[in-house]
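Q: Here is my input; please provide its structure:
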Amino acid sequence: MEQMLLNRVGKAKSAEIDAALKLGAYAALEPAFRMRPADVVHEVKQSGLRGRGGAGFPTGLKWEFCATVPGSEKYLLCNADEGEPGTFKDRFILEHDPHLLIEGMIISAYAIGATQGYIYIRAEYPAQRDILEKAVAQAYMRGYLGSNILGKGVNFDLAVHTGAGAYICGEETALIESLEGKRGQPRMRPPFPAIEGAWRKPTVVNNVETLAAVPFVITLTAEGFQKIGEESSPGPKLFAVSGAVNKPGGYELPMGTTLRELIFDHCGGISGGRRLKAVIPGGASTPMLTADHLDVKLDFKSLVAAGSMLGSGAVIVMDDSTCMVSAAAVLIRFFKHESCGKCTPCREGTGWLYQVYRRMLNGQGRDGDADLLLRICDSIQGKCFCPLGEGAIQPVLSSIRYFRADYEKCAGGGCGEKVCRPMVH
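A: Below you'll find the model as predicted:
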């Protein structure tokens, strides 16, 4: 597949507007503006584009919900709060092709009737924020943002907003709360943001990669976009690959590429000539898979059938030297730290999970610890205010499911492996 989302990455001064224009930036605006807003929404619906931030909700359907709500004050928010462990694919666009993101936001705003947009970028991305702010200023100077864009009567203002430094702000309603100047905690839904979002107005929240795909839906048409990838999950997908592979990094591949193709054909196989033990296919909050799942396709439908999720497309690879108790413990420590504290099951449950793992890895494992962890997970599962708690238990559930032997080694004083390091505060 020819590169689309990463086509300008690595090109000289690709983040600068002059270079970006020579490479085709903003070429989709004219054909988009020749269409009625409702027709743009329909085109995106027909393309089958689904959200690339984790949930995979149909993009055009979300736009339609917002576009049909009466009222002229609507907002478009870009979720650039890329805070989940293993996830770094949006950073390539933010650093190297910010004008692709801006172009996608202009088209999206036109489609839903929004005149104000915000890029909510994580606090830990200061360099990327500076690049974005410069790109936004350049787009204003060239008439791609502001009033009467390209003389077509389209108005759209865009600002960059630095996030609160909290993982929870990647959840769309917590992002909205933070944008409004409140504590970043999730809201009760319904109403959903498309009906009542930022400042209680209709709001669309889309991920960086989702918005960056929109210009290609316009230029290729929905029919052309559907020809890429799987029928149920069309289009290109960015994968952020880390861990025990020879060539970690960002890869753009068609939806439906298998784990085997990604790890062995594109990433050069397992580093050090070792064997694959486990892989997390969609970021820290998605269930682990094993070497038996190498032929599973990386798309929404196939991964759910295999017992996991595509999530953000962050692929974390672990070789046969990895202690899965330690791997799950590291992720639980993250989720415990990032729990916003709004609901008891997540706030207390992640803390109890961490305490058990800490005891196990400090040489005080006991028979039955795996079952104890499962009981704590049961007290969290399906009982939390937002998906954070649900995602937090996935490393625990899947590591015990597939690698219970590693947990049994920790009983009675620990396995003594060098990879099992004590967990201290």
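
Q: C-alpha from now on. contacts and neighbour counts both.
A: Fine.

Q: in which helix or strand would I find residue 25?
A: Using DSSP states H and E, residue 25 sits within no helix or strand.

Q: That one reaches residue 98, doesn't it?
A: No: Residue 25 is not in contact with residue 98 according to Cα atoms under 8 Å; the separation is 9.9 Å.

Q: Using the record's domain definitions, break the chain down for me.
A: 17-226, 236-319, 324-410 (automatic domain parsing).

Q: Distance to residue 11 added to those domains, as a markdown table?
A: Shown next, in a markdown table, are the domains of the chain (distance: least, Cα to Cα, whole Å):
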| stretch | distance to residue 11 |
| --- | --- |
| domain 17-226 | 8 |
| domain 236-319 | 16 |
| domain 324-410 | 35 |
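
Q: out of residue 25 and residue 98, which sits in the busier spot?
A: Set residue 25 next to residue 98 and count neighbours by other Cα atoms under 10 Å: residue 98 wins out with 27 against 22.

Q: wait, isn't the more buried one in contact with residue 133?
A: No: counting by Cα under 8 Å, residue 98 stays clear of residue 133, with 9.3 Å between them.

Q: so how far is the first residue of stretch 279-293 from its last?
A: 9 Å (Cα to Cα, to the nearest Å).

Q: likewise stretch 5-18?
A: 18 Å.

Q: Work out the gap between that stretch and the centre of the chain.
A: 22 Å (Cα atoms, centre = their mean, to the nearest Å).

Q: what about residue 391, neighbour count?
A: Residue 391 has 17 nearby residues by other Cα under 10 Å.

Q: list the contacts for it?
A: Residues near residue 391 by Cα atoms under 8 Å, 6 or more residues apart in numbering: 284-286.

Q: Try it again at 7 Å.
A: Listed by Cα atoms under 7 Å, 6 or more residues apart in numbering, the contact set of residue 391 reads 285-286.

Q: again with the one 5 residues further on
A: Contacts for residue 396 were tallied using Cα under 7 Å, 6+ apart; they are residue 328.

Q: ditto for residue 243
A: Per Cα under 7 Å, 6+ apart, neighbours of residue 243: 316-318.

Q: What distance do you get for it to residue 153?
A: From residue 243 to residue 153 the distance is 49 Å (Cα to Cα).

Q: Check residue 363 too.
A: Applying Cα to Cα to residue 363 and residue 153 gives a distance of 68 Å.

Q: Those two - which one has more neighbours?
A: Comparing residue 363 with residue 153 by other Cα under 10 Å, the one with more neighbours is residue 363, at 18 against 10.

Q: that older thread, would a markdown table of the domains of the chain with distance to residue 5 and mean pLDDT be doable?
A: Converted to a markdown table, the domains of the chain look like this (distance: least, Cα to Cα, whole Å; pLDDT from 0 to 100):
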| stretch | distance to residue 5 | mean pLDDT |
| --- | --- | --- |
| domain 17-226 | 7 | 96 |
| domain 236-319 | 7 | 97 |
| domain 324-410 | 28 | 95 |
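
Q: Which parts of this structure are strands?
A: Secondary structure of the chain, counting by DSSP state E: strands at 75-80, 116-121, 146-149, 154-162, 203-207, 236-243, 249-254, 276-280, 289-290, 314-319.

Q: ok, and what's touching the second one?
A: Here strand 116-121 makes contact (Cα under 7 Å, 6+ apart) with 75-81, 129, 156-163.

Q: The last one too?
A: When contacts are defined by Cα under 7 Å, 6+ apart, strand 314-319 is touched by residues 86-87, 239-245, 274-283.

Q: Sheet-wise, list the partners of that strand with their directions.
A: strand 236-243 (parallel), strand 276-280 (antiparallel) (DSSP bridges).

Q: and if you look at the longest one?
A: Its sheet considered, strand 154-162 pairs with strand 116-121 (parallel), strand 146-149 (antiparallel) by DSSP bridges.

Q: Return every residue with contacts to both of residue 98 and residue 133.
A: With Cα under 7 Å, 6+ apart, residue 98 and residue 133 have no common neighbours.

Q: And the helices in the stretch 51-200 of the chain, which stretches?
A: 59-67, 89-96, 98-112, 126-141, 172-179 (DSSP state H, counting those that start in this stretch).

Q: so how many other residues sit close to residue 379?
A: 14.

Q: ok, for residue 276, nearest residue in space, not its chain neighbours?
A: The spatial neighbour of residue 276 that comes closest, neighbours along the chain excluded (Cα to Cα, 6 or more residues apart in numbering), is residue 319 at 4.5 Å.

Q: Likewise for residue 280?
A: Using Cα to Cα, 6+ apart, the nearest residue to residue 280 is residue 288, at 4.6 Å.

Q: what does residue 311 give?
A: Residue 311 sits nearest to residue 54 (Cα to Cα, 6+ apart), 3.8 Å away.
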